[in-house]
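Engineer: Show me the folded form of this:
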Amino acid sequence: RGLQFEPVEDADLLNVGSETFDVRDGEPSIPSQWSSAAGPAARRPYLVKFDAPIREQWLADLQAAGAEIVQYQPHFGYLLIVPAGFESKIGKREHVAFGGEYHAAYKARAELKARAAEDQRIAVRIVLFDLPGWQERIDGLLEGGARFEASSEGTSTSQWIRLRDVVLRDVRSRDLPGILRDPAVYWVEEWAPARPEDERASQISAGNYSLGVPATGYHAWLATLGADGTGVTVAVADTGFDTGVAATIHEDLRNRTAFATAICSNSRDQNGHGTNTASIALGDARLPTGTGLTDGLGFFWGTGGAPGGSLYVQRALSTGTDCTALAGQPNVLAADAFSVGGARIGSHSFNDGLTPGNGYTANCAVWDARVRDADTGVAGNQPYLVVFSAGNSGPLRGTLTSPHAAKNIISVGATENYRPGQCPDAVGCGGSAD
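Structural biologist: Coordinates of the predicted model:
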């Protein structure tokens, strides 16, 4: 009998950031402004690729040589943090097919690197390794006229070490090559303020229809399934909710709503978007607590997907000057929702403000990590179901807005309701760029 095996397509290719190359050809040809040398750094990022599916002992050998594992790179590769001289220790090691620098060219999308030829002020998210010199890099940019917007830190899903995330406005685009060559820099991408995305309720999303025609009795149907949301709190991170005062908010959600005062002391919705998205998730118009309003066919207006659940309001999309907009800080939102609000589900109908089709961004990675562990300040994992709208940039493929290409979240597209003569808004569509 012969050996059983399964071929791996593109097994000699290494995917790093926005670049892919064949390691049989050695280091790819990279322009000098986007290349990185070993330099004097005591520790720096470094790439290694094996010639076969990786064994635990091979990783242990890398760690014994002084490497810290950062993340897996397809196929059969790893990004490491290594000490000076590491390459000489592993260059001839069995099963190591490639070793090379983590070049500046790998650390940003081509569209952003192209802006280095311009002389503009741009807003960027800089993701940094916790290596000596990272703070000096940020301080230097601030001294050059950049303005601090936000920062956070924490592990991302695929990373084994902690990363720091700093958002700066007014960074000079011509400084991008120097930023990306810095060994403390892991990734850089353009940044924009988070923006709300429109959604409209549709009971059809529950599948409660026959021959294309929905039926009344949604609440009773959910009760037979034991799935009306009773006992579950959903955090809705948006523009706030109604009046923002428990005693005067809309009847359909009164007496089962709490407010995230640590996110914003004033939860009043001055936009209407947050009130709408909260009702999509949790509204219940039934008497005696709700309005009792129905349409001509007997359907309750404003019935949410889980009318028995509780609402935790996070005013994360600020429409005024009274609060800091925290929609771009997954670590803050998830920890507050889980540990303060008691939420186990988070509903989000906004995007990062980036151009649709940006694929798997740094913010996607952080949201993926928060699904596994909502609050890194608490021992163990705190699993958290994160739901996002898919966006309104469709209907063409590749129009997902960020962070909706994240792998662990649920991105929800539009559904057609039973309203003859009306068409649904164009919803953002996959697949993901990666």
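Engineer: and Phe86, what is it in contact with?
Structural biologist: Tyr46, Ala65, Gly66, Ala67, Leu80 (C-beta atoms under 8 Å, 6 or more residues apart in numbering). Glycine gets a C-beta too; all of them are placed from N, C-alpha and C.
Engineer: and with 10 Å instead?
Structural biologist: Neighbouring residues of Phe86 by C-beta atoms under 10 Å, 6 or more residues apart in numbering: Ala38, Arg43, Arg44, Tyr46, Val48, Leu62, Ala65, Gly66, Ala67, Leu80, Gly99.
Engineer: among those, which ones are buried?
Structural biologist: Among the contacts of Phe86, those buried by neighbour count (16 or more other C-beta atoms under 10 Å) are Arg43, Arg44, Tyr46, Val48, Leu62, Ala65, Gly66, Ala67, Leu80, Gly99.
Engineer: Identify the bridge partners of the third one.
Structural biologist: Bridge pairing for Tyr46 (DSSP bridges) gives the partners Leu80, Glu101.
Engineer: hang on, the earlier thing: let's have the buried ones among the contacts of Phe86 in CSV, adding secondary structure, pLDDT and distance to Thr324.
Structural biologist: Shown next, in CSV, are the buried ones among the contacts of Phe86 (DSSP: H, G, I helix; E, B strand; the rest coil; pLDDT from 0 to 100; distance: C-beta to C-beta, whole Å):
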residue, secondary structure, pLDDT, distance to Thr324
Arg43, strand, 93, 34
Arg44, strand, 94, 35
Tyr46, strand, 96, 38
Val48, strand, 96, 41
Leu62, helix, 94, 42
Ala65, coil, 93, 44
Gly66, coil, 94, 41
Ala67, coil, 95, 39
Leu80, strand, 96, 36
Gly99, strand, 95, 44
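Engineer: Turn the residues you listed into JSON lines, columns for distance to Arg370.
Structural biologist: Shown next, in JSON lines, are these (distance: C-beta to C-beta, whole Å):
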{"residue": "Arg43", "distance to Arg370": "28"}
{"residue": "Arg44", "distance to Arg370": "29"}
{"residue": "Tyr46", "distance to Arg370": "28"}
{"residue": "Val48", "distance to Arg370": "29"}
{"residue": "Leu62", "distance to Arg370": "28"}
{"residue": "Ala65", "distance to Arg370": "33"}
{"residue": "Gly66", "distance to Arg370": "31"}
{"residue": "Ala67", "distance to Arg370": "27"}
{"residue": "Leu80", "distance to Arg370": "25"}
{"residue": "Gly99", "distance to Arg370": "33"}
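Engineer: What is the nearest of those to Ala374?
Structural biologist: Using C-beta to C-beta, Leu80 is the member of the buried ones among the contacts of Phe86 that lies nearest Ala374, at 28.3 Å.
Engineer: Touching, the closest one and Leu47? I think so.
Structural biologist: Yes. The pair Leu80 and Leu47 passes the contact test of C-beta atoms under 10 Å, sitting 7.4 Å apart.
Engineer: what's the overlap in contacts for the two?
Structural biologist: Contacts common to Leu80 and Leu47, judged by C-beta under 10 Å, 6+ apart, are Val70, Gln73, Gly99, Tyr102.
Engineer: from the residues you listed, which two are the most distant?
Structural biologist: Val70 and Gly99 (14.5 Å).
Engineer: so which strand or helix has the residue nearest the centre of the chain?
Structural biologist: In the chain, the centroid-proximal residue (C-alpha atoms, centre = their mean) is Cys364; its distance is 2.5 Å. Using DSSP states H and E, Cys364 maps to helix 362-372.
Engineer: So which bits of that helix are buried?
Structural biologist: Ala362, Asn363, Cys364, Ala365, Val366, Trp367, Asp368, Ala369, Arg370, Val371.
Engineer: so the first one makes contact with Gly154?
Structural biologist: Okay, so that is Ala362. No. Shown here, Ala362 and Gly154 do not form a contact pair, counting by C-beta under 10 Å, at 11.8 Å.
Engineer: so what sits against both of the two?
Structural biologist: Leu163, Asp165.
Engineer: Low-confidence stretches in the stretch 101-250 of the chain?
Structural biologist: 155-160, 197-213 (pLDDT under 70).
Engineer: make it 90
Structural biologist: Under the criterion pLDDT under 90, the flagged ranges of the stretch 101-250 of the chain are 130, 132-133, 150-163, 192-223.
Engineer: now the helices: where do they sit in it?
Structural biologist: 110-113, 134-143, 176-181, 218-225 (DSSP state H, counting those that start in this stretch).
Engineer: Out of those helices, which is the most enclosed?
Structural biologist: Comparing the helices of the stretch 101-250 of the chain by mean neighbour count (mean count of other C-beta atoms under 10 Å), helix 176-181 comes out on top with a mean of 20.
Engineer: Would you pull up how far that one lies from the middle of the chain?
Structural biologist: 24 Å (C-alpha atoms, centre = their mean, to the nearest Å).
Engineer: what's it packed up against?
Structural biologist: helix 110-113, strand 121-129, helix 134-143, strand 163-172, strand 185-190 (3 or more C-beta pairs under 10 Å, 6 or more residues apart in numbering; DSSP states H and E).
Engineer: right, and these - which one's nearest Gly341?
Structural biologist: Nearest to Gly341 among the helices and strands packed on helix 176-181 is strand 163-172 (22.9 Å), distances taken as C-beta to C-beta.
Engineer: packing partners for that closest one?
Structural biologist: strand 121-129, helix 134-143, strand 147-154, helix 176-181, strand 185-190, helix 362-372.
Engineer: Centre of the chain to the third one, how far?
Structural biologist: This means strand 147-154. 15 Å.
Engineer: Could I get the buried residue list for it?
Structural biologist: Buried, per 16+ other C-beta under 10 Å, within strand 147-154: Glu149, Ala150, Ser152, Gly154.
Engineer: quick one: the strands in the stretch 251-400 of the chain?
Structural biologist: 257-259, 310-315, 345-348, 350-351, 385-389 (DSSP state E, counting those that start in this stretch).
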